[in-house]
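[1] what would the 3D arrangement of this be:
(chains A, B and C)
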Amino acid sequence: MDGVTASTTARTPLNPHPDRLLPVDPAQRAIARRLYDSVRDLPLISPHGHVDPALLAADEPFTDPASLLVTPDHYVTRLLHAHGKSLNELGLGDGEGAPAAKPREVWRAFCSHWHHFLGTASRQWIEAELHDVLGVRSQPSEATADELYDELVDKLAQPALRPRALFESFNIEVLATTDDPADDLRHHQALAADPSWSGRVVPTFRPDRYLDATGQGWLRALEQLAQVSGVGTDSYQGLVRALESRRDHFREHGATATDHSAPDPEMAFLPAEEASRLFDTVRGGTATPEEARLLSRQLLGENARMSSEDGLVMALHTGSCRNHHSPTFSRYGADTGHDIPMRNEFTLALRPMLERFGTHPRFQSVVFTLDETVFSRELAPLAGFYPALYLGAPWWFLDAPRAMRRFRDAVTETAGFHRTAGFVDDTRGFCSIPARHDTARRVDAGHLASLVAEHVMTEEDAAAVLRDLNDALPRKAFRL
Amino acid sequence: MDGVTASTTARTPLNPHPDRLLPVDPAQRAIARRLYDSVRDLPLISPHGHVDPALLAADEPFTDPASLLVTPDHYVTRLLHAHGKSLNELGLGDGEGAPAAKPREVWRAFCSHWHHFLGTASRQWIEAELHDVLGVRSQPSEATADELYDELVDKLAQPALRPRALFESFNIEVLATTDDPADDLRHHQALAADPSWSGRVVPTFRPDRYLDATGQGWLRALEQLAQVSGVGTDSYQGLVRALESRRDHFREHGATATDHSAPDPEMAFLPAEEASRLFDTVRGGTATPEEARLLSRQLLGENARMSSEDGLVMALHTGSCRNHHSPTFSRYGADTGHDIPMRNEFTLALRPMLERFGTHPRFQSVVFTLDETVFSRELAPLAGFYPALYLGAPWWFLDAPRAMRRFRDAVTETAGFHRTAGFVDDTRGFCSIPARHDTARRVDAGHLASLVAEHVMTEEDAAAVLRDLNDALPRKAFRL
Amino acid sequence: MDGVTASTTARTPLNPHPDRLLPVDPAQRAIARRLYDSVRDLPLISPHGHVDPALLAADEPFTDPASLLVTPDHYVTRLLHAHGKSLNELGLGDGEGAPAAKPREVWRAFCSHWHHFLGTASRQWIEAELHDVLGVRSQPSEATADELYDELVDKLAQPALRPRALFESFNIEVLATTDDPADDLRHHQALAADPSWSGRVVPTFRPDRYLDATGQGWLRALEQLAQVSGVGTDSYQGLVRALESRRDHFREHGATATDHSAPDPEMAFLPAEEASRLFDTVRGGTATPEEARLLSRQLLGENARMSSEDGLVMALHTGSCRNHHSPTFSRYGADTGHDIPMRNEFTLALRPMLERFGTHPRFQSVVFTLDETVFSRELAPLAGFYPALYLGAPWWFLDAPRAMRRFRDAVTETAGFHRTAGFVDDTRGFCSIPARHDTARRVDAGHLASLVAEHVMTEEDAAAVLRDLNDALPRKAFRL
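    Alright, predicted model coming up:
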């Protein structure tokens, strides 16, 4: 324990309270409970996340709790890593031949550090998953690790815990996946063609690696895109046409949105000839880093232009410093827990996009941030003027109860509720979807209850708003 | 409704609760109510706002609710615009001949979107105006739009709702307007000379367009200033003398303060000759943008120097990106809802001013910000050391209940209450003045009640502080 | 009173409430009280502060309340200065021969402005000191100034209020001082050698003036270091060896940490030859300001490298603009109340250090900030991945109750509690140590109670966490 008291080494019951995350004041809690009850069973709309469509297409059973809850969730592995576990010990393979720990060992490591998750969002989600989805009734701890492991291995073999059965029991109305433009979308096709399957699973067009001209993988990405699209990508116009043809492919398979990660939200809108010359310079390998960055911004701007034509909603997720620790990245690859947020700026950065498309009848963008200082200062005022811009839910490190409250506190007085885009779970953990939406419903119910209790709005109005946040708004913002 | 539930299409009563915005916990609310009651009827001191003095000089009746509450209030029009209304539909004329909607249509548009204002500060102010000032008893909605319109047109014709009668019933002790240095202040003179009028209305010297040397209107502004002041403005020293003579003119008419908007609060204090040369370069049209920006900073610094001599309090409102959407600006002009806040910095930017005048016996400055991150980090520490610097109330998007609470939470522990400058309503909506001050009184009462309930101070001390916030502090900070 | 109501000129009792700073909701307060009671009497661990070890070595009595509570505390003098008192009037001598006010006058000035401290952290600490340590039973005010002064002069002469007696009654288990590398640590030695003294007082290695190559004092500092260490500091390698030898000296006297102030946390790790050349250029007086800054960063990075070898924990306190008001600095010197926070950035700035030592088995760093925007955005995500990085307690202007709550709210959901380093009092006021730790215990108890009341964790878990925050975590983070 490194000298730190372990508080839950003994067997303690796992029993999430029905009123959890609701406000503490009794009168306010009563209002919040009524509001929450009015939406708790609404179908889930999940416009952005990272569930692999193959999971549903194949419908294979999950095998064990470590592979389900620990190893693939870099929210979880990062904190275990901070407490001294190597990523190998958490089940990640590396490029150097060190063997990844076996699932049971990973699970033991997780259980023995479970008290270090006290107060974190991850702990709240996992408690709900364990209890509500997996039927577990005692807290993970060193003492319970092995028996919980055995219990869960048994349970996961049951038909009711297969992905498709869970999809139905989760009451998911629509699930958007995140997909590479080169993807043939065969899993989406398979699901659509399967008469035994009635769920709605739509792809999202995520072209980051074709737009980021600063990295080494860009040329390889261009080649792959050319192959898949049948359009040459050795010119700027070719790349643009190739991307457009893949967007069409995605739209034909149900996509309603594109999704973009970038260090910051700046876009460029250069004249065609200048863009072509810039492309040639970067592709020729003689560009400065600034030129490569400019081309990346130009390609992002080009996607905004495409959205104004084909109507795919442009989701912007910016401001993360990806793969902060190079030694870990070299050894274990991306998405291993060290993408760290950076300060972001939107007022000036989004101006070129908004000058062009901010009042465009077809263009629509949902903007996310990891930097909560921009909520009141920049995003709420922007979403409070531009019809094309929706304020995305608090994202990533901020999609936790208190951060969500700060989000509503920061934006509502300026932009109201109806310029926000509803909740996105953004998860890689399929089984965490209901817990995450449930958390958002509780927190929004609590926020609205505070406004009712302060006589800022009636409970009837609050109930209507809460329904909109869980139904009309995500549909509208993502055109679902 | 664009797929979003309208929650208040039916007729619902408009009945602001007497305890609105007070804390929810019963014990804390009881304290807050007593505190609030102790100041609710104090006269209003309004040291900064945008009421047109002609309104009071002429005392013409208001005509209809759209012209009173919607069209001129860019807090309101911006959110209607975000929900798809063009500014034409909201009653704004443009330079392209498209007809502005008639007031009744504007009012209908407003009423049918009223539920989109749920949770916003604007809704809270307008509810109070409708109920307390205009005697309306049902919520705006599509169903009630026409009858409310007719009711209000009738009411506004009554003598009790004329501007001067309202001024008295609002219990305004002093109202500062915001005026152009070229203004002859004849409305202020007329009011002062009118034996039937006993209210105190003072001008504020706002020289932005003479100091901002980066814009196209600067040369025209200089000419106008020369004409009005009778001092040539074709040299730096001439411009300085012309500004000084207009400051004298304003002081003779009761002004106690100047007001300055700028992208950021940086000032320059160049040697006289360098300033002269710079002026000549910019005026000659051969300057770089950086030189024009430097001259603007120099002119702002020159005004600080003037304040240290004539004692006019220097109010600084910085950090807004004005007219963010050029197409809207070209068509509808300024103040149309798309001035968007930017990140601001004060610690280094104010240093040149504070090095010179931070402990000066005559100089005094009140600093406002749209960037709430600087409250705890920069402004409270600065106001906690420099006697010349007062911390202005949360401004613009931040003058809403929860933002005000965050302001007090962020600054009090470092600077106390007595280095803050009291509330400013900063409004263009004359009828919103009482509602805005009332909101501030409620929020401050609630904040103080939380400190009493946590046993940080006694209720007696809290009551004394609350009185200071509404009386002694704004007087002292603005020398009223 | 400058027109501001003085609320406490009359005699009012001083009687801090036993439940002060605990949550207001009754159920939540009951939980918080139980949690607080479980840690209120734990020994104090003080890993960072500014108590002079000579105070304990000499054990002379304090003389009067002004010299004890006002003049040396720039938290207090800065706010009196903002309210118009010169630093002379507060007992500070200057370089211009103006006489410093006598203690009784200083005390009167303090008492007559006491109501201006309402709501500040300083007032809460001083109330606790006056009541709990000094046995005072009425609030300072103009009316009580003289009798309080006399009462306190008498009391301070009592043996029970001498520094060593207080150290014991404060229940301090370990106290870290902050010391110059050139210090011979004789007071620490004297304490260690004194058989009548059993307290643990350890030095901290604070090499700022040897690392900051941008200032005028650097060359003088190098000379002094050479003299003390017996190692020539006229080369980069010499300076490095001299610092290493002084670190050894400190470790031999019980030091477990180094402490670093810098404008920002950036470090450089240049190749040895480049560092040498840079050193020679700066030392030769021909360097640009950028080169001097780079050398400072290099020297900070060199200390990180040393920590990875000798295991001294590296505490980083960055982001203050020191001596903001030059005229005050020239006249009264440093630490006179005008060190003002600046915006800080950590994600990119700490990357070079973390690339090298973020997963190093021996390196450990505790990072503090004055810029609360980085808590959720940068520091919690960093501490949630890197085992070598601990999140320091909210510092300086932020070590006040509501700022501490914001800190926990901002970091816990991402990093949990066990990546934070416990409380540091960072005080120059010896008698304020218990009050400051007590405040932190109350606030953390309240925060944990809010999580219990929201059913995020059990009360048993909360109690274990609170104990860790006050015991295991500061020990572990500072290797005490």
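[2] ok, the closest residue to chain C within the stretch 251-400 of chain A - contacts?
    Here the stretch 251-400 of chain A gets closest to chain C at one residue, A:Ala400, 3.6 Å apart by C-beta to the nearest C-beta. C-betas here are computed from N, CA, C, even on glycine. For A:Ala400, the contacting residues are A:120-121, A:124, A:394, A:439, C:413-414, by C-beta atoms under 8 Å, 6 or more residues apart in numbering or on different chains.
[3] kindly recompute the last result at 10 Å.
    The contact partners of A:Ala400, by C-beta atoms under 10 Å, 6 or more residues apart in numbering or on different chains, come to A:119-122, A:124-125, A:394, A:406, A:436, A:439, A:443, C:376, C:412-414.
[4] got the confidence number for it?
    A:Ala400 carries a pLDDT value of 97.
[5] same question for A:Ala6.
    For A:Ala6, the pLDDT comes out at 49.
[6] also A:Thr9?
    51.
[7] for chain B, see how far away the most far-flung residue of chain A relative to its centre is.
    In chain A, the residue that sits farthest from the middle, by C-alpha atoms, centre = their mean, is A:Glu273; the gap is 36.4 Å. Using C-beta to the nearest C-beta, to the nearest Å, A:Glu273 is found at 24 Å from chain B.
[8] and for A:Ser450?
    For A:Ser450 relative to chain B (C-beta to the nearest C-beta), the value is 7 Å.
[9] which helix or strand contains that residue?
    Using DSSP states H and E, A:Ser450 falls within helix A:433-453.
[10] mind saving the C-alpha coords of that helix as CSV?
    What follows is helix A:433-453, C-alpha atoms only, in CSV (Å, rounded to 0.1, in the frame of the first residue of the first chain):
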residue,chain,number,x,y,z
ILE,A,433,-22.9,3.3,-21.6
PRO,A,434,-25.9,3.1,-19.3
ALA,A,435,-23.9,4.2,-16.2
ARG,A,436,-22.6,7.3,-18.1
HIS,A,437,-26.0,8.4,-19.4
ASP,A,438,-27.5,7.7,-16.0
THR,A,439,-24.9,9.9,-14.4
ALA,A,440,-25.7,12.7,-16.8
ARG,A,441,-29.4,12.4,-16.1
ARG,A,442,-28.9,12.5,-12.4
VAL,A,443,-26.6,15.5,-12.6
ASP,A,444,-28.9,17.4,-14.9
ALA,A,445,-31.9,16.6,-12.8
GLY,A,446,-29.9,17.9,-9.8
HIS,A,447,-28.9,21.1,-11.6
LEU,A,448,-32.5,21.7,-12.7
ALA,A,449,-33.8,21.0,-9.3
SER,A,450,-31.5,23.7,-7.9
LEU,A,451,-33.1,26.1,-10.3
VAL,A,452,-36.5,25.0,-9.3
ALA,A,453,-35.6,25.2,-5.6
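[11] ok, that helix near chain C or not?
    Yes: applying C-beta under 10 Å from any C-beta of the partner chain, one finds helix A:433-453 touching chain C at A:442, A:446.
[12] if we can go back for a sec, ok, and of the contacts of A:Ala400, which contact chain B?
    A:Arg406.
[13] where exactly do the strands run in the stretch 351-480 of chain A?
    A:365-369, A:389-391 (DSSP state E, counting those that start in this stretch).
[14] out of those, the one nearest chain B is which?
    strand A:389-391 (8.1 Å).
[15] give me the phi and psi for A:Val231.
    When read as degrees, to the nearest 10, the backbone of A:Val231 gives phi -120, psi 130.
[16] now do the strands in the stretch 101-250 of chain A.
    A:172-176, A:200-202.
[17] A:Gly254 touches A:Pro203, doesn't it?
    Yes: contact criterion C-beta atoms under 10 Å: A:Gly254 and A:Pro203 qualify, at 6.6 Å.
[18] hey, what's in contact with both of the two?
    Counting by C-beta under 10 Å, 6+ apart, the common neighbours of A:Gly254 and A:Pro203 are A:176, A:185, A:188-189.
[19] who are the contact partners of the one residue in the stretch 301-450 of chain A that gets nearest to chain B?
    Chain B sits closest to A:Glu413 of the stretch 301-450 of chain A, with a gap of 3.6 Å, by C-beta to the nearest C-beta. A:Glu413 makes contacts with A:376, A:380, A:384, A:456, B:119-124, B:397-404, as judged by C-beta under 10 Å, 6+ apart.
[20] stretch A:280-287: which residues count as buried?
    A:282-283, A:287 (16 or more other C-beta atoms under 10 Å in any protein chain shown).
[21] now stretch A:63-78
    Neighbour-count burial for stretch A:63-78 flags A:64-66, A:68-78 (criterion: 16+ other C-beta under 10 Å).
[22] C-alpha coordinates for the host helix or strand of A:Ser38, CSV please?
    Element membership for A:Ser38 (DSSP H and E) is helix A:26-39. The C-alpha trace of helix A:26-39 is given here as CSV (Å, rounded to 0.1, in the frame of the first residue of the first chain):
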residue,chain,number,x,y,z
PRO,A,26,-33.9,17.3,1.2
ALA,A,27,-36.4,19.6,-0.6
GLN,A,28,-34.0,19.9,-3.6
ARG,A,29,-33.4,16.2,-3.6
ALA,A,30,-37.2,15.5,-3.7
ILE,A,31,-37.5,17.7,-6.8
ALA,A,32,-34.4,16.1,-8.4
ARG,A,33,-35.7,12.6,-7.7
ARG,A,34,-39.0,13.4,-9.5
LEU,A,35,-37.2,15.0,-12.4
TYR,A,36,-34.8,12.1,-12.6
ASP,A,37,-37.6,9.5,-12.5
SER,A,38,-39.2,11.2,-15.4
VAL,A,39,-36.3,10.5,-17.7
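[23] now that helix: average pLDDT?
    Helix A:26-39 shows a mean pLDDT of 98.
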